[in-house]
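Q: what follows is a protein structure lacking sequence information:
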């Protein structure tokens, strides 16, 4: 994904027109002075906790210690880039979640659960998840609460 943006100065200074390239494979956003992609002026790592938001034609990219403010030609371009940047960052988060699970053998006792925040679906996937209340998801291991298996005639629970 490639496009021209006007990058606002980090502090005091003039805004610069820059050519931005989002590279999902490298998990980074690079910007150049020209679309010839020579002389990279900067790189933004697309890794959590990066957050990209769009408001009108303005694209804000928040990383620890800095917020990049870019002006796109259209509001649609800003929105598409915000989604794309967040998707690249979400892919990084999903890859980390796979690494968080260690299995020594097939035994459930040897499975190390991932950290509570390690496994999170992307926004697109999360919107498709069904809503389940705690009472619907409750599971019991109490033998008195488990219904008998009536398909087996030898399993007679009547004491009469």
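A: Received, thanks. Treat the numbers as computed from the prediction; the structure is a model and nothing was measured.

Q: from here on, just use CA atoms for contacts and neighbour counts.
A: Will do.

Q: looking at this protein, which helix or strand is least sure?
A: The helix or strand with the lowest mean pLDDT-type score in the chain, counting by mean pLDDT, DSSP states H and E, is strand 102-103 (a mean of 32).

Q: tell me which stretches of the chain form helices.
A: 75-99, 123-126, 134-137 (DSSP state H).

Q: any idea which of those helices scores lowest on pLDDT?
A: Between the helices of the chain, the one with the least mean pLDDT is helix 134-137; it has a mean of 41.

Q: contact partners for residue 61?
A: The neighbours of residue 61, taking Cα atoms under 8 Å, 6 or more residues apart in numbering as the test, are 50, 51, 52, 53, 67, 68, 69, 82.

Q: look up the closest residue to it, ignoring the ones flanking it.
A: Once flanking residues are discounted, residue 61 sits nearest to residue 52: 4.4 Å by Cα to Cα, 6 or more residues apart in numbering.

Q: for that neighbour, give me the pLDDT.
A: On pLDDT, residue 52 comes in at 97.

Q: all strands for this protein, in order.
A: Along the chain, counting by DSSP state E, strands occupy 2-7, 16-23, 28-32, 40-45, 51-55, 58-63, 66-71, 102-103, 111-112.

Q: mind listing what's buried along the fifth one?
A: Just to be clear, that refers to strand 51-55. Of the residues in strand 51-55, those with enough neighbours to count as buried (16 or more other Cα atoms under 10 Å) are 51, 52, 53, 54.

Q: quick one: strands adjacent to that strand?
A: For strand 51-55, the paired strands and their directions (DSSP bridges) are strand 58-63 (antiparallel).

Q: could you give the number of residues near residue 18?
A: Neighbour count for residue 18, taken as other Cα atoms under 10 Å: 19.

Q: please report the distance of it from residue 24.
A: Here the criterion is Cα to Cα, to the nearest Å. By it, residue 18 lies 19 Å from residue 24.

Q: for the chain, give me the ranges with low pLDDT.
A: Filtered on pLDDT under 70, the chain yields the residue ranges 92-160.

Q: and residue 78, how far from residue 6?
A: Distance check for residue 78 against residue 6: by Cα to Cα, it reads 12 Å.

Q: of those two, which one has the most company?
A: Neighbours of residue 78 and residue 6, each counted by other Cα under 10 Å, are more numerous for residue 78; the result is 24 against 18.

Q: who does residue 63 bridge with?
A: Beta-bridge partners of residue 63, as defined by DSSP bridges: residue 66.
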